[in-house]
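S.K.: pasting the structure only:
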């Protein structure tokens, strides 16, 4: 009788073990498959060109935000909002990407997006960049202040 009771409990143990292993494997498989978000938002920091490197945070005051969205057809939507910028004629917006090469990251100018007109420190504009290689996944923007010659950069995001 004792052997039969032990035998009946064993499938429950193995069933619980299988459920526990599946619960551990599912999050890992999602991260390997690229479950990262296709949208990310980053702050735009004032006067960072000389003080930050490739979109790393500088600790300077925030003057806006940028939202990056990668679409299914490998386009990038760049939604720029400025709310504390210098009231100047224009800001010229550039898209950069970070790339890893033999133990270090370097940043590259991807494209000129366009300009935004700042009125009373505020501006908003949406840009679309098409045919972005899926090899590039870390982006940031640099906003060149046409009047002062300063750069305001966002921190980089991974999408």
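M.R.: Right, received. Where do you want to start? This structure is a prediction, so every number in the text was calculated from the model and none was measured.
S.K.: contacts, neighbours, all on C-alpha from now
M.R.: OK.
S.K.: How about the secondary structure of residue 115?
M.R.: Using DSSP: H, G, I helix; E, B strand; the rest coil as the criterion, the local structure at residue 115 reads strand.
S.K.: Quick one: residues contacting it.
M.R.: The contact partners of residue 115, by Cα atoms under 8 Å, 6 or more residues apart in numbering, come to 90, 91, 92, 93.
S.K.: and the gap between the nearest residue to the first one once chain neighbours are set aside and residue 38?
M.R.: Nearest in space to residue 90, with sequence neighbours left out and distances taken as Cα to Cα, 6 or more residues apart in numbering, is residue 117 at 4.7 Å. Going from residue 117 to residue 38 by Cα to Cα, to the nearest Å gives 28 Å.
S.K.: Ok, residue 125 next?
M.R.: Computed as Cα to Cα, the residue 125 to residue 38 distance reads 20 Å.
S.K.: Same check on residue 71?
M.R.: Note on residue 71: its distance to residue 38, by Cα to Cα, is 7 Å.
S.K.: One more: residue 92?
M.R.: With distances taken as Cα to Cα, residue 92 is found 25 Å from residue 38.
S.K.: And residue 142, by the same measure?
M.R.: Shown here: residue 142 relative to residue 38, a distance of 21 Å by Cα to Cα.
S.K.: So the two - more neighbours on which side?
M.R.: Counted by other Cα atoms under 10 Å, residue 142 and residue 38 do not tie: residue 142 has more neighbours, with 24 against 15.
S.K.: which ones are touching that one?
M.R.: Contacts here follow Cα under 8 Å, 6+ apart; on that basis residue 142 touches 93, 94, 95, 96, 151, 152, 153, 154.
S.K.: Can you check those and name whichever has the most neighbours?
M.R.: Among these, the one with the most neighbours (other Cα under 10 Å) is residue 153, at 35 neighbours.
S.K.: Now that residue: which helix or strand?
M.R.: Take DSSP states H and E as the rule and residue 153 turns out to sit in strand 151-154.
S.K.: who does that strand touch, helix- and strand-wise?
M.R.: Under the contact criterion of 3 or more Cα pairs under 8 Å, 6 or more residues apart in numbering; DSSP states H and E, strand 151-154 touches strand 39-45, strand 138-145.
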